[in-house]
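Undergrad: This is a predicted model, with the sequence first.
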2 protein chains.
Amino acid sequence: MATIEAQMERATRLNRNEVEQLVRAVLLEKLKGGGGPPATERHASMPKTAGGPPHPLVVNVSARHMHVTQQDLETLFGPGSKLTKLKDLYQQGEFASEQLVTLVGPRQRIIPNVRILGPMRNYTQIELSYTDGIYLGIDLPLRISGDHHDTPGCTVLGPKGALQLTSGVIRAERHVHMSTEDMAYYGVKDADYMKLKIAGPCGVTFDRVKVRYHPKVVLEVHIDTDEGNACDLDSATGLELIK
Amino acid sequence: MATIEAQMERATRLNRNEVEQLVRAVLLEKLKGGGGPPATERHASMPKTAGGPPHPLVVNVSARHMHVTQQDLETLFGPGSKLTKLKDLYQQGEFASEQLVTLVGPRQRIIPNVRILGPMRNYTQIELSYTDGIYLGIDLPLRISGDHHDTPGCTVLGPKGALQLTSGVIRAERHVHMSTEDMAYYGVKDADYMKLKIAGPCGVTFDRVKVRYHPKVVLEVHIDTDEGNACDLDSATGLELIK
């Protein structure tokens, strides 16, 4: 009987392993990107011309991403964790980190591979498109970075722990980063709204692009993936920022 | 030995059943909506006013959907299948059917629950957003319905069979359905381009909205989910169709 039981036990173990491997493979596939729309990065720019604006007009699509405090980073990635740079972004000092997290929303759906952008901030924030929000089941408020009044949270999974955010999940209001020089050229001030005209087969004029002043930025418009896809930024034949 | 083998066989069978159940549960979850962004339906309209346009201006978001020939419907749903109505759409005779299919793209990702719209057509066509196209790995061409020159295909799964489309997967070019009366009011003709201004916190002007004439339609703009999300049609405070 011992032999029979041992053999049955081995048969059962083998099959448990098969089950485990299956589940692992499926979860791995989900975490690799089977569970949500992908990140995209798109870019369009107009060259600097004589007599034209002080900086070339650059439009970048912000794919979904996260900003973190040191404390929240350590919850997700373990004590003493630091963000490591994958690549520089257009604004000096900003970078896409190598650190990725998984978001879990109230519909029990997940979006994996959400990248953390550096450097560290004094608040934790997640910026998603409305398409992402509908997918996860989160009714996203439209906010400028850092404005977290009356915003929802979500669950964030990292390799070393989970974070239960109670606020800070937003759709970023479309905006243009401007220095003093840029604002003077366009005749606008901080928090004004401008228009961004994108010509092409899917031509769109974004009627509310908020001016965000910082003395050390270079001229750059940020739109999200819904906006980038609506106007098909890849096929744009012209960009114009209008007061 | 027969007894041992029989018992081992039974143990193995049980575990195969477990494996099968697991796989079924995972696939079912995927097919239920774990594998892609969801369908959305949004709508905004302006009331008809005295001295105004002959029909109220209605803007509808077309969620991803499929049109089918009788032959392709039968491949997916079995011989003799008919589309059954779930609900009427805004244009008379058009309807959302109860029939749902699953799309499989070249990245081995799936989008489940894609609804077939009726009535039957003389071509099979799938209309997706760019967000969907990026997710599936399909580079979507911008086309007016029925124009399938140089368009990609994809795999479509129904409960009774699979369809390998070699063309007909498109992003629908944004358009406005107009009758003779509507075209006369706006001073446009078939295939002209108009602008659609959507006011609100995510205000957008869609610069290329193609006029599509049919004697029996009522005035209706169709945009896709990327466009509907970019302008947040739900929060629109005004709609205007501009020549």
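TA: Alright, I've got the coordinates.
Undergrad: What distance do you get for A:Met178 to B:Val204?
TA: 21 Å (Cβ to Cβ, to the nearest Å). All C-beta spots, glycine's among them, are computed from the backbone N, C-alpha and C.
Undergrad: residues in contact with stretch A:207-214?
TA: A:144, A:173-180, A:183, A:188-196, A:221, A:241, B:197, B:199, B:201-205 (Cβ atoms under 8 Å, 6 or more residues apart in numbering or on different chains).
Undergrad: From these, which land in helices?
TA: Mapping the contacts of stretch A:207-214 onto helices (DSSP state H) picks out A:180, A:183.
Undergrad: Indicate whether the strand or helix carrying A:Glu98 makes contact with chain B.
TA: Per DSSP states H and E: A:Glu98 is located in strand A:95-104. No. Judged by Cβ under 8 Å from any Cβ of the partner chain, strand A:95-104 stays clear of chain B, getting no closer than 12.3 Å.
Undergrad: Buried ones in that strand, by neighbour count?
TA: A:95-97, A:99-104 (16 or more other Cβ atoms under 10 Å in any protein chain shown).
Undergrad: for stretch A:207-224, same thing?
TA: By neighbour count on 16+ other Cβ under 10 Å, the buried set for stretch A:207-224 is A:207-213, A:217-224.
Undergrad: Looks like A:His175 contacts A:Asp224 (just checking).
TA: No. In this structure A:His175 lies outside contact range of A:Asp224 using Cβ atoms under 8 Å: 10.7 Å.
Undergrad: and the gap between A:Ile223 and chain B?
TA: Noted for A:Ile223: a distance of 8 Å to chain B, by Cβ to the nearest Cβ, to the nearest Å.
Undergrad: Could I get the contacting residues of that residue?
TA: Per Cβ under 8 Å, 6+ apart, neighbours of A:Ile223: A:59-62, A:174, A:196, A:206, A:233.
Undergrad: where does the closest residue to A:Gly168 other than its chain neighbours land on pLDDT?
TA: For A:Gly168, ignoring the flanking residues on the chain, the nearest one in space by Cβ to Cβ, 6 or more residues apart in numbering or on different chains is A:Gln125 at 4.6 Å. pLDDT, A:Gln125: 98.
Undergrad: Surely A:Gln125 and A:Ile170 touch.
TA: Yes. The criterion here is Cβ under 8 Å, and A:Gln125 meets it with A:Ile170 at 6.7 Å.
Undergrad: Overlap of the contact sets of the two?
TA: By Cβ under 8 Å, 6+ apart, the residues touching both A:Gln125 and A:Ile170 are A:145, A:148.
Undergrad: So A:Pro79, which state does it fall into?
TA: coil (DSSP: H, G, I helix; E, B strand; the rest coil).
Undergrad: If you tally nearby residues, what's the number for the nearest residue to A:Thr124 once chain neighbours are set aside?
TA: Leaving aside its sequence neighbours, A:Thr124 sits nearest to A:Asp72 (Cβ to Cβ, 6+ apart; 4.6 Å). A:Asp72 is flanked by 23 other residues according to other Cβ atoms under 10 Å in any protein chain shown.
Undergrad: Apart from its neighbours in sequence, what residue is nearest A:Leu219?
TA: Of all residues beyond its chain neighbours, the one nearest A:Leu219 is A:His55 (3.9 Å), with distances taken as Cβ to Cβ, 6+ apart.
Undergrad: separation between the one you found and A:Val218?
TA: 5 Å.
Undergrad: overlap in contacts of those two?
TA: Listed as contacting both A:His55 and A:Val218 by Cβ under 8 Å, 6+ apart are A:Ser179.
Undergrad: Which strands and helices lie in contact with the strand holding A:Glu98?
TA: Secondary-structure packing of strand A:95-104 (3 or more Cβ pairs under 8 Å, 6 or more residues apart in numbering or on different chains; DSSP states H and E): helix A:70-77, strand A:85-88, strand A:110-118, strand A:155-157.
Undergrad: before we move on, back to that, what about the residue nearest to A:Gly168, distance to A:Thr102?
TA: 17 Å.
Undergrad: again, but for A:Arg64
TA: 12 Å.
Undergrad: helices and strands of chain A: which one has the lowest mean pLDDT?
TA: When the helices and strands of chain A are scored by mean pLDDT, DSSP states H and E, helix A:2-29 comes last with a mean of 46.
Undergrad: And A:Gly238, how far from chain B?
TA: Separation of A:Gly238 from chain B (Cβ to the nearest Cβ) stands at 11 Å.
Undergrad: Could you do A:Ile111 as well?
TA: A:Ile111 sits 10 Å away from chain B, going by Cβ to the nearest Cβ.
Undergrad: I'd like to know how far A:Leu73 sits from A:Met120.
TA: Taking Cβ to Cβ, one finds A:Leu73 at 7 Å from A:Met120.
Undergrad: Please apply the same query to A:Gly137.
TA: Relative to A:Met120, and taking Cβ to Cβ, A:Gly137 is found at 29 Å.
Undergrad: Quick one: the buried residues of strand A:95-104 as TSV, columns for pLDDT and distance to B:Ser45 too.
TA: What follows is the buried residues of strand A:95-104, written out as TSV (pLDDT from 0 to 100; distance: Cβ to Cβ, whole Å):
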residue	pLDDT	distance to B:Ser45
A:Phe95	97	45
A:Ala96	97	42
A:Ser97	98	45
A:Gln99	98	45
A:Leu100	98	42
A:Val101	98	40
A:Thr102	97	39
A:Leu103	97	34
A:Val104	96	36
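Undergrad: Looking at A:Leu73 and A:Met120, which one has more neighbours?
TA: For A:Leu73 versus A:Met120, the count of surrounding residues by other Cβ under 10 Å is larger for A:Leu73: 24 against 16.
Undergrad: my guess is A:Ser145 contacts A:Ala172, does it?
TA: Yes. The criterion here is Cβ under 8 Å, and A:Ser145 meets it with A:Ala172 at 6.4 Å.
Undergrad: quick one, which of the two is more surrounded?
TA: A:Ala172 (20 against 16).
Undergrad: Quick check: bridge partners of the more buried one?
TA: A:Arg143 (DSSP bridges).
Undergrad: correct me, but it touches A:Ile144?
TA: Yes. A:Ala172 is in contact with A:Ile144 according to Cβ under 8 Å; the separation is 7.3 Å.
Undergrad: Residues that sit against both of the two, list them.
TA: Between them, A:Ala172 and A:Ile144 share no contacting residue under Cβ under 8 Å, 6+ apart.
Undergrad: Near A:Gly238, how many other residues are there?
TA: Residues near A:Gly238, counting by other Cβ under 10 Å, number 11.
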